[in-house]
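*Asks:* have a look at this prediction, sequence included:
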Amino acid sequence: MGLILFYVKKLFTVLKNEVLVLPSRVVVIIFFIFLLLLPLLTEDPYILRIFTLTSIFAILAASWDLLSGFTGQMNFGHALFFGVGAYGAALLNKHGGIPPWGSIPLGALGAVLSGLIIGIPCLRLRGTYLALTTLAFPIILMGIVFALPDLTGGELGISGIARLAVSRVNSYYIATVLMLGLCTIMWKITDSNTGIIFHAIREDELAVRSAGINTTRYKLLAFSLSGFFAGISGGLYAHFMRIAGPSTLEVSMSFTVVIWAIFGGIVTIYGPVGAVFVLFPLLEFLRFWQELRTLMFAVVVLLILLYMPDGLFRWLRDKTEKECPRCKIRNIATRETCRVCTAPLD
Amino acid sequence: MGLILNIIISGLISGSVYALLAIGFSLIFGVARIVNIAHTAFYMVAAYCIYFATHKMGFHPIGGMVAAVVLVTLLGMICYKIFINPIREHEGAVLIATIALAMALQEIMVLKFTGTYLSVPSLVKGYLIILGVKVFYQQLLTFCMALLVMAVLLVLLMRTKLGLAIRSTAQDREMANLMGINEARVAMMTMGISVGLAAFTGAVVVPLTILEPHMWMGPLIMMMAVVILGGLGSIKGSFLGAYILGFAEALVVFLAPMGAFLKGSVALSIMILVLLIRPEGLFGVSFEEER
């Protein structure tokens, strides 16, 4: 009993002293609670559907950030992982009869494999070369998909896949909880030792190598981790939409991921996730002007970038929080002195 | 025999188109380090301009072509000034700004002309029969015009003061600035030339293809493959790479089963194979490391 009380007390202390002092952390907590409680507020299948898809794409955008944001390996072909995950899950489910809980991770493993395969030629390339080369891979795969219509369904894709879950609310919870869990894992990865090495590879690969770190191994690790998460999102998408078509491999898919991630602010994980939760419902909301939809989407992205070239969420965070010059701990912007070391904030 | 000729003609045409596009893309990358995804969107806009000028306003096709090239060049420079110049220091932001720009242009064209397939009559009618294969005059014209424009561009780059400024800015931006070259103006001019090339390509190729708002995607991919294959920033490389990939595509289309689906895959696989052996492309220019 005493132990439980101790932990409850500790939880409150952490909540009071670590979470409630920073607006960004409060927002994250509210975000978690909102997503988990949304089905209690509304049972509207349309809204649940939008949020399920948003969650699925949030995993995808965050996985792009894990690879391209953190290690700086600009990947313009992220649709490859998504498509391999979707097609893998669909094929395993349709022809192998494996239920979603098995086919999605196996499809994601297929995406890991594809990540390793494209990682090997890409390891020698850097910057723009890498970006433009990776763009080629989903298109190569798309050509193969079209050339094998018996297996892949060609232009129509594979339809008639098992549902993700029986009811919409269940599907919603599967996608949302997985999104929250996987994004937390990604955030933890980037916060760990490995994540620091990823950061360092982006900043100066030569220096990392001269520190005795096998950068090749870490870059391949980044490729396969990112491929795994993107593959899971692809599998979820296939099972939720009940179709895996060539649209998952399209160039516009790769571009959209890049737009989401950079719009929210790269090298953050929370940025891309937030960006998807802003942009995807926005795109749905704009359906009232069906013909103007994509145009307005593009204009919003262009205008926001003009004023916040570092991304929306980084800009917001910089406006609401200040870093203490002495102890590097973040403080709310209204404070005069640091909340830990009481050094004056400028 | 006829098959071989068909392959040669198709390879030469698509090779020239890719070469024109890739050289423009390569120029602006070299000078301003901008990966301009919207490059082929301008090509699409130019094609629509010609359609509009000839069908809706009754211009002569040549007048339409000139108007299209001039207007699209201006449009490109204005877009550069408004959207790209203010964020040039942020590499990622420039990247998605150009993607968003391409999407916006595409959507404007959908709004204006709807998404239906359109076509433009060729500049010169008729054809000539070589070894039993129909060769349209328009195809010959496209090929010759492409070569001519590339020659003009080469003279511009190698023989004029502007060309010297462009080449030196591409080599070392800071040093060029110190030597009194107005780097911002050179970037602006290069953007104009680059978009002008894209517009011109659209103008010569439009009678040979179908006009639709998504027509920029296919050439975009091939153009990037060409640029990477030839080496970023190298005009010779872009030229050669364009014909290599153009012929590879033509060979696959005419010889392989399901060729039309696989043409992109094969061309891109060739690019990746070359990169495995030479990571900087065929004639890659090594840019100074920006560490």
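*Replies:* Sure, I can see it.

*Asks:* what's next to the helix or strand hosting A:Ile201, contact-wise?
*Replies:* Assigned by DSSP states H and E, A:Ile201 belongs to helix A:193-203. Contact with helix A:193-203 is made by A:66, A:70-72, A:189-190, A:207-208, A:211, A:213, A:215, A:218-219, A:221-222, A:267, as judged by Cβ atoms under 8 Å, 6 or more residues apart in numbering or on different chains. Backbone N, C-alpha and C define where each C-beta goes, glycine included.

*Asks:* for chain B, state which of those is nearest.
*Replies:* Using Cβ to the nearest Cβ, A:Ala207 comes nearest to chain B of those, at 8.9 Å.

*Asks:* need the nearest residue in space to the closest one, chain neighbours excluded.
*Replies:* A:Ala200 (7.1 Å; Cβ to Cβ, 6 or more residues apart in numbering or on different chains).

*Asks:* what about the helix holding A:Ile201, distance to the chain center?
*Replies:* The chain centroid and the centroid of helix A:193-203 are separated by 18 Å under Cα atoms, centre = their mean, to the nearest Å.

*Asks:* just to revisit the earlier point, what's the local residue count around the residue nearest to A:Ala207?
*Replies:* Residues lying near A:Ala200 (other Cβ atoms under 10 Å in any protein chain shown) number 19.

*Asks:* what about it, distance to A:Gly212?
*Replies:* 12 Å (Cβ to Cβ, to the nearest Å).

*Asks:* same thing with A:Val27?
*Replies:* Counting by Cβ to Cβ, the gap from A:Val27 to A:Gly212 is 40 Å.

*Asks:* before we move on, what about A:Gly311?
*Replies:* Following Cβ to Cβ, the distance that separates A:Gly311 from A:Gly212 is 33 Å.

*Asks:* these two: who's more crowded?
*Replies:* A:Gly311 (28 against 6).

*Asks:* so the more buried one touches A:Ile262, yeah?
*Replies:* Yes. Look at A:Gly311 against A:Ile262 with Cβ atoms under 8 Å: they come within range, at 6.3 Å.

*Asks:* pLDDT value on residue 211, please?
*Replies:* Assuming you mean chain A. With respect to pLDDT, A:Ala211 scores 92.

*Asks:* ah, I was thinking of chain B
*Replies:* 85.

*Asks:* and for it, the neighbour number?
*Replies:* 20.

*Asks:* not counting sequence-adjacent ones, nearest residue to it?
*Replies:* Ranked by Cβ to Cβ, 6+ apart and with sequence neighbours excluded, the top spatial neighbour of B:Leu211 is B:Leu118, at 4.1 Å.

*Asks:* what is A:Ser159 paired to in the beta sheet?
*Replies:* A:Ile243 (DSSP bridges).

*Asks:* flag every buried residue along the host helix or strand of B:Leu95.
*Replies:* Secondary structure from DSSP H and E places B:Leu95 in helix B:91-113. For helix B:91-113, a neighbour-count test (16 or more other Cβ atoms under 10 Å in any protein chain shown) marks B:91-110, B:113 as buried.

*Asks:* elements contacting it?
*Replies:* If you count contacts as 3 or more Cβ pairs under 8 Å, 6 or more residues apart in numbering or on different chains; DSSP states H and E, helix B:91-113 packs onto helix A:251-264, helix A:293-307, helix B:39-51.

*Asks:* need those in a markdown table (columns: mean neighbour count, distance to A:Ser55 and mean pLDDT).
*Replies:* Below are the helices and strands packed on helix B:91-113 laid out as a markdown table (neighbours: other Cβ atoms under 10 Å in any protein chain shown; distance: least, Cβ to Cβ, whole Å; pLDDT from 0 to 100):
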| stretch | mean neighbour count | distance to A:Ser55 | mean pLDDT |
| --- | --- | --- | --- |
| helix A:251-264 | 25 | 13 | 86 |
| helix A:293-307 | 18 | 20 | 82 |
| helix B:39-51 | 27 | 32 | 89 |
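
*Asks:* for those helices, give me a markdown table that also has distance to A:Gly119.
*Replies:* Shown next, in a markdown table, are these (distance: least, Cβ to Cβ, whole Å):
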| stretch | distance to A:Gly119 |
| --- | --- |
| helix A:251-264 | 16 |
| helix A:293-307 | 29 |
| helix B:39-51 | 28 |
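
*Asks:* among the ones you listed, which is nearest A:Phe285?
*Replies:* helix A:293-307 (9.4 Å; Cβ to Cβ).
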